[in-house]
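Chemist: this is a predicted model, with the sequence first.
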Amino acid sequence: MKYSTNQPFVKTKTSIMRFWIPVLCSLVLSGQRLWAQDESNFEKITGKLMSYAVKNYPEKVYVHTDKDYYQSGETLWFKLYLLNGVTHARSNLSKVAYVELLDESNKMLAKRTISMDSLGGFGSIPLDKFWDEGNYYIRAYTKYMLNDANPNAFQKKIFVWRKEFGNKGAKTTVTSSNGSQKTEVLASNPTEDQGIQFHCFPEGGNLVQESNNLVGFQIQDQNGKGVRSKGKVINQENAEVANFESDEYGLGTFQLRPEPGMQYFAVVSKDKSANKVKLPIAVRAKERIQIENNGDHLIIQVQTPYKTATERTFLLGHVRGNIFLRHESEPDSIQYSLKLLVDRLSPGVGHFTLFNTNGEVLAERMTFIHNTKKSARVWIIKAKDTFEKRGKVALRLRLANLGKSMLKGNISLSVHKLLGSGDNQHAKTTSIKKWLLLDSDIGPTVDNGAYFFDTPNFKNNNALEALLLGKSWGRFEWDELLKNEVSKKAKNSPEQGIMIAGRTTNFINRNVPKRSKITLGILEGSTYYETKNTDSQGNFMFGPLAFDDTVDVVLDAMDPLARKKEQAKNLAINIDSLPFLPLIQGLALEKSNRHDISATPYVSEAAKDYRRESLEFDLPPDIIRLEETVVKDKRKVKSNRQIVEEGLNEITPYPRPTHRLLLDSTNVTDGMRLLDIMSMIPGVRVRGTYPNQSIRLTRAVFNSINLSTSPLFVIDGVPLPPYDTSTGGSLDLLSMDTVHIMFIDVLTGAQASYYGARGSNGVIAIYTDRGRRFDFEEKVYPGILNLTVKGFDKPDRFTAPNYNFPKPQHAKPDYRNTLHWEPNLEISPEKGALITFFADDSSGKYKVVLEGVLEDGQLLQEEATFFVE
């Protein structure tokens, strides 16, 4: 009986063992699969980022200009740097870059196509003497950069003032160099602050209850300009819990530990007034990354309060795509801390991201990596601190902090007069470090933010930390990167030279693509022909080509599959163009405050030099100086438009207009009023609403003595009495019949000099047909396209006087704002470099600005000052 009764017991135990062994094995294998899945997701994230950094890296461009402020008629000199967006070494992709000058309305005023070599590229842009005073923008990019949905093109603001200083404010007395004559100069009034805005940036995006929170903030006026201020944080019971103070650009941080259910307010004090701003409601514990940036090391705290006991997290840190931190949490850990030394990290924005096991982002945090050990320097050694007018200035340059390496640099240097007294060191709008280490990765930050990198210290580092708390990583989105969308084939390939691309379509319906055989012919210089077959969609591309200036090109296409000879040419040739790029949206706030970077003292100083120059020439300050004309002879086949222009020029008594509108070649509809037509002409401003409208030319030289700003009107060569918008004068512009108007010319500046003093406000010349007819339309032939293709812009050479060798032209006054410009400066690691140039006739403080990139991607940014007396 024992045996029989015990036998079932033995069988039961055996059955239990047989049951649990597979279960336990299954759990182990399941855990291994979960671990493998975690490892697979984490490796995928790492692999995608490494692929981005090595195979699909972005390009960056930076433009160093000789200065940030110009007077009309000056030349803007620039150096273009094209870099690997990850390593900041020279880019091996594009060999072509574009530099544009735009006004505040996004109108392109000049464009340069720059050939890039191992030393970058350089060039110049002459600034028109009659442009409006105000802000302008330098923009630079490559075609390869346009693959991004929001291309991160370089953009920099410059300020241009007119030589004719209008009545905009207080008067300043200026005396000529011989003390014999005085002139009053008029300066602009500064913008007054009328409102305060407080922007709050909690670490991680939210205030967290019962936890220490680092909060960044920025205080701005109504124009978006940062202002210095003080304040405090109070709770709903009016108890003070924290206080804060911003720097001169409105940035700062404070610590706050919110209590559950409590509302908090920031009270900002400015000019004996206080603004009360409600802070965000604190939330319960959440996933977040907290960082204490101590300069030489970081303390990183990670909190994951809602993670399960078996779930792991993955912390990834990188600078521009270079991974420096990979950390996987323990399954049972909901928080941990790390100490990270930065002595081996590249300087720049450190981007930290916390992922769960599915590869989803739980939290992000950015901080700036300051690594002075990986920062080369250039010592600028002056022969002395003060030089004489027209005296020789000598600067010795030496590379430092290179360690054992002997790296060569790609460097540019400018020497220019400082703003006013020269004490405003933060007036520059950007710098090579600000753009490449900051703005190019996270988007536009703050104007004048170059001071972050001038003198690294606790104050500047704290302001930069406050700024980063309110920004997000801008180079890519993790979702797009992990979906492989970042590494897909680029629509725009890197340009290796001048490319001519387009598409052939049906001649009648250009929406229907047609395969064709197309030939490119360049008929200038040595004749060049090349024939290609388009793809099935009619797309073609010729190049890379290399030529300067412009060439005339003929494209000849034919359909090889056409059954009849006359059908083979039934093709239209359409040329591709670069897409339209808007101005960076983040800079829009600056437009309403033109003198926000202390331009007024610089304008006043420039006015003094301009008046002195006029007085010493014994010329009135409002004299009209004719522009220099360079004539080049080149044999070309005249187009129909050129033949028409020659016919029209025979009618007009002046050489050439500033702008010409041919009414037969525009979309002018019957019944349009003359003022509406005139508004289509560049430089013509029609203000007011019908019937109370006035006209003004933006590039006219207005005489302060003449009360009228209305231009001179000429009809068929006959000048009319002054136009009065209140009475209409002898010309009723509101009701004039426009049917018989053939073309309208606008003349400003030197072009208007034919009419003497009457043309000081510009001239609008209207010509009627009077029985004459011209064929304004260019002939378009099937299968043939004639076009002029712009090549590389050949850079001009910066010139300056050498007073060691007297010349007759040295008798003229010398008031140069830029004393020296060196776009390709070579500094030997062993011997350094010696720079010499001559001062001008004006006294004051001058700044030496050196910027560059070493072969390994280290950035150079140095400044020095000297005086001229």
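Modeler: Structure received.
Chemist: contact partners for residue 499?
Modeler: Neighbour list for residue 499: 541, 542, 543, 544, 545 [criterion: Cβ atoms under 8 Å, 6 or more residues apart in numbering]. No exception for glycine: its C-beta is placed from N, CA and C like everyone else's.
Chemist: pLDDT value on the residue lying closest to the last one once chain neighbours are set aside, please?
Modeler: Across the structure, with Cβ to Cβ, 6 or more residues apart in numbering as the measure, the residue nearest residue 545 apart from its sequence neighbours is residue 498 (4.3 Å). On pLDDT, residue 498 comes in at 91.
Chemist: which of the contacts of residue 499 lies closest to residue 787?
Modeler: Proximity of the contacts of residue 499 to residue 787 (Cβ to Cβ) peaks at residue 542, which lies at 12.1 Å.
Chemist: direction included, what does the helix or strand hosting that closest one pair up with?
Modeler: Per DSSP states H and E, residue 542 falls inside strand 539-545. Using DSSP bridges, the strands paired with strand 539-545 are strand 498-506 (antiparallel).
Chemist: tell me the pLDDT at residue 836?
Modeler: The model's pLDDT for residue 836 equals 96.
Chemist: can I assume it is in contact with residue 392?
Modeler: Yes. Look at residue 836 against residue 392 with Cβ atoms under 8 Å: they come within range, at 6.1 Å.
Chemist: lowest-scoring secondary structure element of the chain by mean pLDDT?
Modeler: Using mean pLDDT, DSSP states H and E, strand 182-186 stands out as the lowest-scoring helix or strand of the chain, at a mean of 35.
Chemist: packing partners for the helix or strand following that strand?
Modeler: Later in the chain than strand 182-186, the nearest helix or strand by DSSP H and E is strand 196-202. On a contact count with 3 or more Cβ pairs under 8 Å, 6 or more residues apart in numbering; DSSP states H and E, strand 196-202 meets strand 213-221, strand 264-270, strand 273-278, helix 458-469.
Chemist: gap between the residue most central in space within the chain and residue 61?
Modeler: In the chain, the centroid-proximal residue (Cα atoms, centre = their mean) is residue 155; its distance is 0.7 Å. Distance of residue 155 to residue 61, given as Cβ to Cβ, to the nearest Å: 10 Å.
Chemist: repeat for residue 801
Modeler: 33 Å.
Chemist: who has more neighbours, these two?
Modeler: Each of residue 801 and residue 61 has its neighbours counted (other Cβ atoms under 10 Å); residue 61 has more, 29 against 16.
Chemist: per-residue pLDDT, the more buried one?
Modeler: Value for residue 61, per-residue pLDDT: 97.
Chemist: you'd agree the residue nearest to residue 545 is up against residue 541?
Modeler: No. With contact defined as Cβ under 8 Å, residue 498 does not reach residue 541; the gap is 11.3 Å.
Chemist: who has more neighbours out of these two?
Modeler: residue 498 (21 against 14).
Chemist: what helix or strand is the residue nearest to residue 529 when sequence neighbours are not counted located in?
Modeler: Excluding its sequence neighbours, the residue lying closest to residue 529 (Cβ to Cβ, 6+ apart) is residue 521, at 5.2 Å. Here residue 521, judged by DSSP H and E, is contained in strand 517-522.
Chemist: pLDDT on stretch 335-351, on average?
Modeler: 94.
Chemist: actually, stretch 94-109.
Modeler: 91.
Chemist: how far does it sit from its chain's centre?
Modeler: 9 Å (Cα atoms, centre = their mean, to the nearest Å).
Chemist: can you show me the strands along the stretch 401-550 of the chain?
Modeler: 409-417, 498-506, 517-522, 528-533, 539-545, 550-558 (DSSP state E, counting those that start in this stretch).
Chemist: for residue 266, which of those strands is the nearest?
Modeler: Checking the strands of the stretch 401-550 of the chain against residue 266 by Cβ to Cβ gives strand 409-417 as the closest, at 40.9 Å.
Chemist: please list the residues outside the strand holding residue 521 that contact it.
Modeler: For strand 517-522, using Cβ under 8 Å, 6+ apart, the contacting residues are 500, 504, 527-534, 540, 542, 551-560, 573.
Chemist: at 6 Å what do you get?
Modeler: 528-533, 540, 542, 551, 553-554, 556-558, 560 (Cβ atoms under 6 Å, 6 or more residues apart in numbering).
Chemist: most neighbours among those, please name it.
Modeler: Highest neighbour count within the contacts of strand 517-522: residue 557, with 24 neighbours (other Cβ under 10 Å).
Chemist: what's opposite that residue in the beta bridge?
Modeler: Legend: beta-bridge partners of residue 557 under DSSP bridges are residue 518.
Chemist: and for the strand holding residue 542, what's in contact with it?
Modeler: With Cβ under 6 Å, 6+ apart as the criterion, strand 539-545 contacts 496, 497, 498, 499, 500, 501, 503, 518, 520, 530, 532, 534.
Chemist: distance to residue 235 added to those, as TSV?
Modeler: Listed next are the contacts of strand 539-545 as TSV, based on distance: Cβ to Cβ, whole Å:
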residue	distance to residue 235
496	63
497	65
498	65
499	63
500	67
501	64
503	65
518	74
520	74
530	76
532	73
534	71
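Chemist: run the angle between the strand holding residue 542 and strand 517-522 for me.
Modeler: With axes from the mean of the first three to the mean of the last three Cα atoms, to 10 degrees defining the directions, strand 539-545 sits at 30 degrees from strand 517-522.
Chemist: ok, now which ones touch residue 270?
Modeler: Residues in contact with residue 270 (Cβ under 6 Å, 6+ apart) are 196, 229.
Chemist: mind pulling up the pLDDT for it?
Modeler: For residue 270, the pLDDT comes out at 76.
Chemist: ok, residue 81 next?
Modeler: Per the predicted model, pLDDT is 97 at residue 81.
Chemist: list the buried residues in stretch 832-840.
Modeler: Neighbour counts over stretch 832-840 (16 or more other Cβ atoms under 10 Å) mark 833, 835, 837, 838, 839, 840 as buried.
Chemist: what's it in contact with?
Modeler: 387, 389-398, 803, 814-816, 819-820, 827, 868.
Chemist: may I have it as CSV, with CA atoms only?
Modeler: Extracted as CSV, the C-alpha positions of stretch 832-840 are listed here (Å, rounded to 0.1, in the frame of the first residue of the first chain):
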residue,chain,number,x,y,z
GLY,A,832,54.3,82.7,-37.8
ALA,A,833,53.5,85.6,-40.1
LEU,A,834,54.2,89.3,-40.4
ILE,A,835,51.4,91.7,-41.6
THR,A,836,52.1,95.3,-42.5
PHE,A,837,49.8,98.1,-43.8
PHE,A,838,49.4,101.9,-43.5
ALA,A,839,46.9,103.9,-41.3
ASP,A,840,44.7,106.5,-42.9
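Chemist: starting at the chain centroid, how far to it?
Modeler: Stretch 832-840 has its C-alpha centroid displaced from the chain centroid by 30 Å (Cα atoms, centre = their mean).
Chemist: how far does stretch 286-299 stretch from start to finish?
Modeler: With Cα to Cα, to the nearest Å as the measure, stretch 286-299 spans 19 Å from end to end.
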